[in-house]
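Undergrad: got a predicted model here, sequence first, then my questions.
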Amino acid sequence: MAALRIYGIARTRAFRALWMAGELGLAYEHLPIEIGEAGARAPEFLAINPNGRLPFIDDDGFVLFESLAITLYLAKKHSLGKLYPASLMDEAKAWQWSFWAIAEVDRGVNIWSLHAVRLPPAERDAAKRDEALKVLAAPFKVLDAALAVQPYLLGDDFTVADFNVAAVISRAIDMDLAAVPNLKVWLTRCLARPAARAALMLKNKADSETPAEVTRRIARINRL
């Protein structure tokens, strides 16, 4: 049995942990549990993550939840000085961009994705979709400007800063990004990495197999 266990179906934010494990070349066991009472909120899983949310990991007995905490932890443990910055200032910048992604763009991308792609067409709310695009416009311009002066967020090399932001906005690849060309090129490049492609295959398969009622429940639970 692999020392690292990743809990969560790839359609969820578990995608981020799966991509990171692949990026680092780690052996792991994937337990594709679902959201809800029969999945993450079942007693045996609440005993591991009492929040009842996905993903969470068990790394040889060390339990951790919150997707970007997981990716930062794994990157620092297995790729310090490469994927994870060695300097204090670059480490702080990686945290900055990671927290920025959660605060500024995560919810907007999820709302847009549900009402542009994932919900059945008759149940999509065009007003919510368009409002999400308006909310995302300003932070996307911030990201685009940062990428106008260098290929990656911390300089010339792909790091966990790029990883976390790209993972959070991965569904934005289906948007019209003509207004933010630097972001578009960067996101395409990040998602073309072999480990990203492998994780996206898992996510896309899970998306295609998700019943409409589950997608409705996601929107309802998260007020999206």
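TA: Structure's in. What do you need?

Undergrad: for stretch 48-68, buried residues please.
TA: Across stretch 48-68, burial judged by 16 or more other C-beta atoms under 10 Å covers 49, 53-59, 64-68. Placement of C-beta: from N, CA and C, glycine included.

Undergrad: can I get these in a markdown table including pLDDT?
TA: Formatted as a markdown table, the buried residues of stretch 48-68 follow (pLDDT from 0 to 100):
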| residue | pLDDT |
| --- | --- |
| 49 | 96 |
| 53 | 95 |
| 54 | 96 |
| 55 | 98 |
| 56 | 98 |
| 57 | 98 |
| 58 | 97 |
| 59 | 97 |
| 64 | 98 |
| 65 | 97 |
| 66 | 97 |
| 67 | 98 |
| 68 | 98 |
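
Undergrad: and those, which is closest to residue 202?
TA: Closest approach to residue 202 among the buried residues of stretch 48-68 (C-beta to C-beta): residue 55, at 12.4 Å.

Undergrad: next up, phi/psi of that closest one, please.
TA: The phi/psi pair for residue 55 (degrees, to the nearest 10) reads phi -90, psi 180.

Undergrad: now the one 10 residues further on
TA: The main-chain torsion angles of residue 65 are listed as degrees, to the nearest 10 and equal phi -120, psi 180.

Undergrad: any idea how far residue 91 is from it?
TA: Residue 65 sits 21 Å away from residue 91, taking C-beta to C-beta, to the nearest Å as the criterion.

Undergrad: also residue 68?
TA: Counting by C-beta to C-beta, the gap from residue 68 to residue 91 is 14 Å.

Undergrad: tell me the SS of residue 64?
TA: Under DSSP: H, G, I helix; E, B strand; the rest coil, residue 64 falls in the strand class.

Undergrad: which strand residues bridge it?
TA: Beta-bridge partners of residue 64, counted by DSSP bridges, are residue 57.

Undergrad: does it touch residue 74 like I think?
TA: No - using C-beta atoms under 8 Å, residue 64 is not in contact with residue 74, being 9.1 Å away.

Undergrad: so what pLDDT did residue 219 get?
TA: Looking at residue 219, its pLDDT reads 70.

Undergrad: number of residues surrounding it?
TA: Number of residues near residue 219 (other C-beta atoms under 10 Å) recorded here: 19.

Undergrad: next one: residue 95
TA: Residue 95 sits with 16 neighbouring residues when counted by other C-beta under 10 Å.

Undergrad: the residue nearest to it when sequence neighbours are not counted: what secondary structure?
TA: If the residues on either side of it in the chain are set aside, residue 95 comes closest to residue 72, at 7.5 Å by C-beta to C-beta, 6 or more residues apart in numbering. Three-state assignment for residue 72 (three-state DSSP): helix.

Undergrad: could you check how far residue 72 is from residue 106?
TA: 15 Å.

Undergrad: neighbour-wise, which of the two wins?
TA: Ranked by neighbour count (other C-beta under 10 Å), residue 72 and residue 106 place residue 72 first, with 22 against 18.

Undergrad: show me the contacts for the more buried one.
TA: Applying C-beta atoms under 8 Å, 6 or more residues apart in numbering to residue 72 gives the contacts 84, 94, 95, 98, 160, 164.

Undergrad: I'd guessed the fourth one sits against residue 166; true?
TA: Okay, so that is residue 98. No - taking C-beta under 8 Å as the definition, residue 98 is not a contact partner of residue 166, at 11.2 Å.
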